[in-house]
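# Make a model of this:
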Amino acid sequence: MHLQTPNGHAIHVKDMGSGPAVILIHGWPLSGDMWEYQTLALLEAGYRVITYDRRGFGQSGHPADGYDYNVFADDLAAVIDHVGAPRVSLIGFSMGGGEIARYLGRHGSAKVDRVALVSSVVPYLLQDGSNPDGVEQSVFDQMKMQIREDRFAFLQTFAKQFYGVGLVSKPVSGALLDWTFALAIMASPKATIDCVDAFGRTDFRPDLAAFDIPTLIIHGTGDKTVPIDPSGRAAAAGIPGARLIEYDGEPHGLFATAPDRLNGDLLAFLAD
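Next up, the predicted model:
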């Protein structure tokens, strides 16, 4: 179904099953379908699973603008309102962790039971004087240039780093890489470029104080896309009571490289 947001844009939502509601928020440049392994595990465990495509991605509307985290957080608020449950749990991957942080900062946690940040960009990815372990601006500039020159070649190359192809002992299949490419090319080229600035430059550190609910952080130590020091480890240090689980050697896309372990950790957290 398509949900019409208060600002007039269509968000594609999949709402499956019954039981406690869990909303899964996807990473860049994919869609809600990236959660295939987790959706199956959650449904079989008795949860109601909601996935949605961020504006500009997948089957959602592709507006010309609005690709910033204040808008994304308000879109998430519209999805939560659509769900209609007294409380929901939120699981955000990579860029999707930013939606959770900014949602809590703008809307509070009254409707949220608990949150999990998986390979997340929270709290601040860009390298500057206050964040020496961050990613250099030139990396993001290079990404945008390559997307403009040949988005399709970029996406195929990016996916290999995303899943640690050639680096992990059990690399993903060629078929899964093809599937990832198929999801990524559905996105608006404008959204694909604009979101590099959104996830690369947005500072979520002021939002960390709004994490007043149980928080799980999962991150791979081999993540070359979102390095663990300025993200997972910094988030764990900045969110009181947060629990950090490090996956030794795992790359960014651990939802597909370590699905059984991730599913187990998420289910244990949700049931706690």
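# Could you work out the end-to-end span of stretch 109-123 for me?
Terminal residues of stretch 109-123 lie 18 Å apart, using Cα to Cα, to the nearest Å.
# Which residue ranges of the stretch 151-272 of the chain form strands?
215-220, 243-247 (DSSP state E, counting those that start in this stretch).
# which of those sits most buried?
Highest mean neighbour count among these (mean count of other Cβ atoms under 10 Å): strand 215-220, with a mean of 24. Glycine gets a C-beta too; all of them are placed from N, C-alpha and C.
# Give me the distance between A242 and A235.
Per Cβ to Cβ, to the nearest Å, A242 is found 7 Å from A235.
# hang on, the earlier thing: reformat the strands of the stretch 151-272 of the chain as TSV; add mean pLDDT and distance to G97.
Listed next are the strands of the stretch 151-272 of the chain as TSV, based on pLDDT from 0 to 100; distance: least, Cβ to Cβ, whole Å:
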stretch	mean pLDDT	distance to G97
strand 215-220	98	9
strand 243-247	98	13
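# With distance to A85 added, can I get those strands in JSON lines?
Listed next are the strands of the stretch 151-272 of the chain as JSON lines, based on distance: least, Cβ to Cβ, whole Å:
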{"stretch": "strand 215-220", "distance to A85": "19"}
{"stretch": "strand 243-247", "distance to A85": "24"}
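# Can you say which of the ones you listed is nearest to Y67?
Evaluated over these, closeness to Y67 peaks at strand 215-220, with 24.5 Å, by Cβ to Cβ.
# List of residues touching that closest one?
With contact meaning Cβ atoms under 8 Å, 6 or more residues apart in numbering, strand 215-220 is reached by 114-120, 226, 228, 231-233, 235-236, 239, 241-252, 254, 258, 262, 265-266, 269.
# picking up where we left off before, looking at A242 and A235, which is more packed in?
The neighbour count for A242 versus A235, taken as other Cβ atoms under 10 Å, is higher for A235 (27 against 18).
# wait, the more buried one sits on V118?
No - the criterion here is Cβ atoms under 8 Å, and A235 misses it with V118 at 11.2 Å.
# Need the overlap of contacts for the two.
Common neighbours of A235 and V118 (Cβ under 8 Å, 6+ apart) are G97.
# Could you list the low-confidence segments of the stretch 51-200 of the chain?
Low-confidence segments of the stretch 51-200 of the chain, defined by pLDDT under 70, span residues 168-170.
# buried sites along stretch 218-236?
218-220, 222-223, 225-228, 230-236 (16 or more other Cβ atoms under 10 Å).
# Stretch 140-158 now?
For stretch 140-158, by 16+ other Cβ under 10 Å, it's 140, 143-144, 147, 151, 154-156, 158.
# Looking at these, which one is closest to I185?
Using Cβ to Cβ, the buried residues of stretch 140-158 come closest to I185 at L155, 6.5 Å.
# Roughly how far does the closest one sit from F255?
Counting by Cβ to Cβ, the separation of L155 from F255 is 17 Å.
# before we move on, what about D128?
Taking Cβ to Cβ, one finds D128 at 29 Å from F255.
# Specify which residue of the two has the higher count of neighbours.
More neighbours surround F255 than the other of D128 and F255, with 26 against 12 (other Cβ under 10 Å).
# List the contacts of that one.
For F255, the contact set (Cβ under 8 Å, 6+ apart) comprises 34-35, 37-38, 93, 118-119, 262.
# Swap in 10 Å and give it another go.
Residues counted as contacts of F255 (Cβ atoms under 10 Å, 6 or more residues apart in numbering) are 24, 26-27, 30, 34-38, 91, 93-94, 118-119, 163, 218, 262-263, 266.
# Okay, helices next: where are they in the stretch 1-150 of the chain?
36-44, 69-83, 95-107, 137-162 (DSSP state H, counting those that start in this stretch).
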